[in-house]
Structures are given as structure tokens and as C-alpha cells.
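> need a 3D model of the sequence below.
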Amino acid sequence: MFYILVWTTDQRERMMIAFSQVPSFQVYLPVGLLHMMIYIRDSLDCITEFNMSSINVTTDFDTINDLINNIQNSTTNPLVRILVGGNQNLVGQVIISVSQQFNKMNIENIDNAVLNGIPAT
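The predicted structure follows:
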């Protein structure tokens, strides 16, 4: 089992961003200066920690602009219509709703990781 924790300035605020049963997997890192720890748990339940060098992750503006263009050009999705409709109250409500769903998915991922033997941090 492999899992990755990152933090910005305070190691007590580490967050797990990925875990996997396979040693080769992709990770999308948050933007900014990050400190990273990689943990490997073997079949005997022993853990090895790797403290990676600090990294600076920059924004991929091309990908973000492509996403914005795709959202703006989609007229069939009701959420997209709200986002491009100009009503700030509705836009805020959609963003809050989507954020809540992402938080729920994150909690489910953490619960799944804990069930797989990864300690919650």
C-alpha cells in the first residue's frame, strides 16, 4: 500500500492526497509550495517513510482555460447554464453544492483508506 501526504507550512496540517495498492500511479498535486511524505506499507504491515524534497507546483493555465471554454460552450448541462447565467447567488449556491460533494467524496476516500490500513492524519 502506497500513500502520499502533503502540507504547506505546518506539518500538523498534512492531508492525504492519494493512496494505491500498485506502486505506479498518477497524482494531481495542489498548487503552491508543498512538502511531501510518501509512505509504503508492506505485506508484514511495516511502514517505510520517504520525505521528499519540497516542490513548487504551478498552475496549468492551459488546462484550466480549456475547462472554462468547455463549460462556457456546453448548453445542455443545467449546472453549466447556471454558472454562465450571471446570477451570482445561483453561482455561489452551485459552487457550495459542488464543494460539499467534493468534501463528501474526500471523506469517503479517507474512510476507504483507513479501511485499507492507512492511518488517518
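> drop to CA atoms for contacts and neighbour counts, all remaining ones
Will do.
> got the buried residues for the helix or strand containing residue 103?
Using DSSP states H and E, residue 103 falls within helix 88-115. Within helix 88-115, the residues that count as buried by 16 or more other C-alpha atoms under 10 Å are 91, 94, 109-110, 113.
> ok, residue 115 to residue 109 distance?
From residue 115 across to residue 109, the span is 10 Å (C-alpha to C-alpha, to the nearest Å).
> no wait, residue 87
33 Å.
> again, but for residue 53
Residue 53 sits 26 Å away from residue 109, going by C-alpha to C-alpha.
> now do residue 48
Residue 48 sits at a distance of 22 Å from residue 109 (criterion: C-alpha to C-alpha).
> flag the shaky bits of the protein, pLDDT-wise.
Applying pLDDT under 70 to the chain picks out residues 120-121.
> make it 80
Along the chain, the model assigns pLDDT under 80 to residues 71-72, 74-75, 79-80, 83-84, 86, 117-121.
> can you give me the strands for it?
Assigned by DSSP state E, the chain shows strands spanning 2-7, 15-20, 32-41, 47-57.
> give me the domain ranges for this protein.
Taking automatic domain parsing as the reference, the chain has its domains at 1-58, 61-121.
> residue 81: what's it in contact with?
Residues near residue 81 by C-alpha atoms under 8 Å, 6 or more residues apart in numbering: 74-75.
> buried stuff in stretch 67-84?
For stretch 67-84, a neighbour-count test (16+ other C-alpha under 10 Å) marks 71, 79-83 as buried.
> need the max-distance pair from these.
71 and 82 (10.7 Å; C-alpha to C-alpha).
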